[in-house]
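**Q** when you get a sec, could you give me coordinates for this:
(chains A and B)
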Amino acid sequence: MASCIYFCDSKGRSILSRRYRDDISPSAIEKFPSLLVDSEQESNVIPPCLTHNGIQYLFIQHNDLYVLTMTRSLSVNVAQVFAFLYKLVDVLAEYVKTVEEESIRDNFVIIYELLDEMMDYGIPQITETKMLKQYITQKSFKLIKSAKKSKNVMRPPSQLTKSVSWRPEGITYKKNEAFLDVIESINMLITAQGQVLRSEILGTVKVKSHLSGMPDLKLGLNDKGIFTSDGNASQVDSSTQKRSNIELEDLKFHQCVRLSKFENEKIITFIPPDGDFELMNYRLSTPIKPLIWCDVKIQVHSKSRIEIHCRAKAQIKKKSTANNVEILIPIPDDADSPKFKYSHGSVKWVPEKSAIIWKLKSFPGGKEYSMAAQLGLPSISDLEIPKAKRPVQVKFQIPYFTTSGIQVRYLKINEPKLQYQSYPWVRYITESGDDYTIRTA
Amino acid sequence: MSDQRLFSKYKAYEIKSELQQVNLKKHRISAVKRKNALKKIIANLTMGNFNEMALLFPDILKFWQIDDDVEVRRICHHYLVAMGPTKSAYLKDALQLVLKDLDSGTEEVRIMALRTLSSIPSTDYLNEAFKSVKSVLQSSASPRLKKTAIHAITKLDQSDHNRIWPLLNILRRLVDEIKEDSSVQAHALYVMYRIHEANEDMKMMTLERDTCFRMLEMLPALNEWDHSLVLESMITSYAPQTHSEAHHLIEIVLPQLQHVNTSVILNALKFIMYLINYVDYLQEGLIKRLSNSIVTLLNKPPELQFLVLRNVILLLLSREEPLLKVDVSYFFVEFNDPIYIKDTKLEILYLLAKHANLSQILQELKEYATDIDIQMSRKAIRAIGNLAVKLEHSASECVAVLLELLDFGVEYIVQEIVSVFKNILRKYPGQFESCVDKLVQFTDSVQEPESRSSMIWIITQHSSYLPNYLELFQIFSSNFQDETLEVQFSILNSSVKFFVRSPTEATEKLCVDILRYSTEKIDNPDLRDRAFMYWRLLSAAQQNNGLPLSIETVKDIVDGDLPLITLNTRLDPQVLEELELNIGSIASIYLKPVSQVFRLNKTKVLPKSPALNLDRDNIDIIADSSSTRSSSVVDLRFSAPSRTSSSPIKKMDDYDKPAEKVNSLKTKKRSSSSAVKLTRKPSVLARKLSMRRPFA
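**A** Below is the predicted model of the structure:
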């Protein structure tokens, strides 16, 4: 139950606001910039909730904006507030491309409209862009009584309150297609000695639906929980050809999926929204060996030079290839005059990141490449600065491959009225997650 | 379309002329211009240019009557809500227009009108709002309009609570009406819940069993936000009457943990935590599901992650056997986590530490202790120190890590280590004395008050191991006057202790110097008083004129055995109960009970029911396979309603400090020396105060 929503610039000054309740005075926002400054002095990153004078300031940061809500009650549901703010930014992005200070000012009229529709008295209402776009457009509408042409009459969006609130009726496509993307992000934390401290697979199944009418979809996966009811021990080995059914640890579904049906019968059924959406997320924390392993040796000869030796190995199947591999190796801020030796790819020194980046366009499975670099260090330096310990970061993409071994078995599309022929397509890709890091010694 | 150029300050007459100019010729093009002029007004209202814009009220009212564009109408309503309260003269005219809009054929406009009616604080508007909300809710209006009316009730409740009762009855009827649209029902339920919660004179909302189950069955038909509204309003509204009913409810809610929306998950989690108070046993599978869905939430954006982590702390603290089974590695700090997440993760690591996983956690903490971020590094060291005190069997491992870190010799690391070592040495007397030698090597480099007084304490307590203790102490005592108060107290105490222990010439001189300095040159009354107290104590023992105060007694008072310190990880059970019912709220971020921070809020308590468990720690967790449980566990304890705890509410003031602190030193009260004091006449006291050389 937010009392209001403010868009503030990077200093915390209000750009635009919508107040939903009267329990907070309009002057409360004026305190926000100084609150930001105060908490900034304590630590460089500001926690997303501040409190002053009995008012709670909850905010998220997006580009150069603070999107802020205020409330007086401590029992306010923060999860709802943050989830809503993120959703709000997403929706705005659909309307104004990039959400930043300038675009907020540029489109203030439509943003007021959106704020009115998406929240009422501080309670989220409709956040489906597809539905909002039906009646909040850049065009203007005429009132019924004076409208002569019925085309421009604004119809009340009846779907908003129906059980399928995410899909309007009457969608038609010439060719009925559904595209499935199975994307797995790998997060890994590896010590300098090569020991895997933590590994997890975050999977998402994204759907782009170009389907007419009100289709009912049924998705089949090779998940163990779905296909075999009795829990015999799973023997998952991603390297072997024969993949048994895997067990997904935690599934999260888009609101269109019938959760109770999944719970009882283990069948994923849904009426999809139109266009792109994320059907489901899953997570696996089975131990996996690093897909791209880097052995980085950094030798610092203080006051003269730093030597880096890096060996990278693609520990994936021979048939697969990792694309767009980027290995970021941190170096001291004051290093200069780099010299590189390498056989594959390209190495660049990026002083603004205090790192060198080794890029490999393609990295076939089983291969091992190496690289050496040498950088000069200033001969005089200030007092002994504590060493910044930043890890080596690795980025990559491996197409046609899922680490978990998940596979789509079928996607049945059934539209009871239209009975058209439809084409489901599936793609798989594995990529590095936000945290695929190898610690330096 | 760019509205940027509209976004600058205008004078009223500029806009006015623009509005009138286009008014002359009613062309299509002029409609666009007119709209632009109106947009400028809104832009100026946004920027706070109220004084100028107030002059345009008559023009707005004119346009309201003639224009038939929805967007123009929207701007008019916006203007009225922003300016209405300050210009009451125009409000009457505007009211007619708003009421006309309310009867309009366009749903959009009706909604706008209803919102405007309820948000202008004037009696006329309020009366109309009450009337129209009632009529809308009783009519067969569209669900959207009805929802607007329902939310208007919250607002009306704030303005005039006394007239809210008939509307509440309507809401209740809406909730009970089976044919009503499900979304409308969800919102009606939520608003009812909120109004009950917000008002002092009302009890918490209660629901019938049938309504509760019907609402939960309705969930699949609702959108994500309505989902979380329903789940939230269910908590404490209906108390399951039997254990099996509670189990059944959990089963219904469990699938919601797989929703993608964080607020739905946390509300479902909260609901399940609430229901767990009413079950007789828990299945292992349930705990696994809960833990799994929590871990997945850790991949959300940082703000949500932060919230989830704070709630993880709560869940870990809440029971003897935590309801979460999560591997510690999920809480290892990522180098690019924002600092508030790092802090929280560190705290969780500390709470999760057990003998079994200690080596893993210590390794991580050691890693953080050499982090580039000084704050982080300090907190990691503090955590290691606290772990040493918390886990008695693993203290030596922690100490080994601390000693290893000490070798870095980095200034802030040393400060922190000295501070934590004081607690370790105090907790385990006679175990780590070998470390003292190493610690005192850093006597010169301790700078901060806390670590300085810790160092003084360490030197004083272990003077028998340190032949050169006076030399070391000299570093602190030599500039007594420049120290902070905290350190001055420590120096004073220590110098007296040294003298009492071994009354040599050196210690006596030291003691007298410090005492004299404290009583003559220091302005702080507390320090001065304490110095006088010591002074009189010592002189009384010295004179030995028939008083039962020997030098031994003084030694006992000044240098007695210290009570052992323990760490307290538990929160007050009542506070915990309330926090559990507030999962996902601001209270859960600060881990403070709602009533403590914000008095107007009602505290949530578990509603009574025969199925309520009185002892929260006593729930059996059984493996999935055995669905029948032994009857011996059936123990409802009707007879012991002593859920109230008399212990004071423990505060957790600073959420970025570890959730617990080492208990402060408590000076023992001694009754043996009671006969000495305050029997003296005031005149004697005055003479004593003016003494220059009391003993020597």
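**Q** where does residue A:179 land in three-state SS?
**A** strand (DSSP: H, G, I helix; E, B strand; the rest coil).
**Q** what bridges to the nearest residue to it once chain neighbours are set aside?
**A** Nearest residue to residue A:179, sequence neighbours excluded (CB to CB, 6 or more residues apart in numbering or on different chains): residue A:208, at 4.2 Å. For glycine as for every other residue, the C-beta is placed from the backbone atoms N, C-alpha and C. Here residue A:208 shows beta-bridge partners residue A:179, residue A:276, assigned using DSSP bridges.
**Q** so what's residue A:208 up against?
**A** Residues counted as contacts of residue A:208 (CB atoms under 8 Å, 6 or more residues apart in numbering or on different chains) are A:178-179, A:181, A:275-276.
**Q** any weak-confidence spans in the stretch 301-441 of chain A?
**A** A:380-388, A:441 (pLDDT under 70).
**Q** which parts of it are strands?
**A** For the stretch 301-441 of chain A, applying DSSP state E, counting those that start in this stretch gives strands covering A:305-314, A:321-330, A:336-342, A:346-350, A:355-364, A:368-376, A:392-399, A:408-414, A:422-438.
**Q** any chance of TSV for these, columns mean neighbour count?
**A** Converted to TSV, those look like this (neighbours: other CB atoms under 10 Å in any protein chain shown):
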stretch	mean neighbour count
strand A:305-314	19
strand A:321-330	20
strand A:336-342	13
strand A:346-350	14
strand A:355-364	18
strand A:368-376	17
strand A:392-399	20
strand A:408-414	14
strand A:422-438	18
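**Q** a markdown table for those strands, including distance to chain B?
**A** Formatted as a markdown table, the strands of the stretch 301-441 of chain A follow (distance: least, CB to the nearest CB, whole Å):
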| stretch | distance to chain B |
| --- | --- |
| strand A:305-314 | 17 |
| strand A:321-330 | 10 |
| strand A:336-342 | 21 |
| strand A:346-350 | 17 |
| strand A:355-364 | 13 |
| strand A:368-376 | 20 |
| strand A:392-399 | 9 |
| strand A:408-414 | 19 |
| strand A:422-438 | 5 |
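**Q** please convert the ones you listed to a markdown table, extending it with distance to residue A:17.
**A** Shown next, in a markdown table, are these (distance: least, CB to CB, whole Å):
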| stretch | distance to residue A:17 |
| --- | --- |
| strand A:305-314 | 51 |
| strand A:321-330 | 40 |
| strand A:336-342 | 48 |
| strand A:346-350 | 40 |
| strand A:355-364 | 41 |
| strand A:368-376 | 50 |
| strand A:392-399 | 39 |
| strand A:408-414 | 45 |
| strand A:422-438 | 32 |
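**Q** now the residue nearest to the spatial centre of chain B: how far from chain A?
**A** Residue closest to the average C-alpha location in chain B (CA atoms, centre = their mean): residue B:590, at 1.0 Å. Residue B:590 is 8 Å from chain A, where distance means CB to the nearest CB, to the nearest Å.
**Q** how close does residue A:186 sit to residue A:398?
**A** 9 Å (CB to CB, to the nearest Å).
**Q** joint contacts of the two?
**A** Residues touching both residue A:186 and residue A:398 (CB under 8 Å, 6+ apart) are A:291, A:430-431.
**Q** tally up the residues packed near residue B:334, please.
**A** The burial count assigned to residue B:334 is 16, neighbours taken as other CB atoms under 10 Å in any protein chain shown.
**Q** hmm, I was thinking of residue A:353
**A** Using other CB under 10 Å, residue A:353 has 12 neighbouring residues.
**Q** might you report the residue contacts of it?
**A** Contacts of residue A:353 (CB under 8 Å, 6+ apart): residue A:328.
**Q** helix, strand, or coil at residue B:435?
**A** Three-state call for residue B:435 (three-state DSSP): helix.
**Q** show the pLDDT at it.
**A** We have a pLDDT of 84 for residue B:435.
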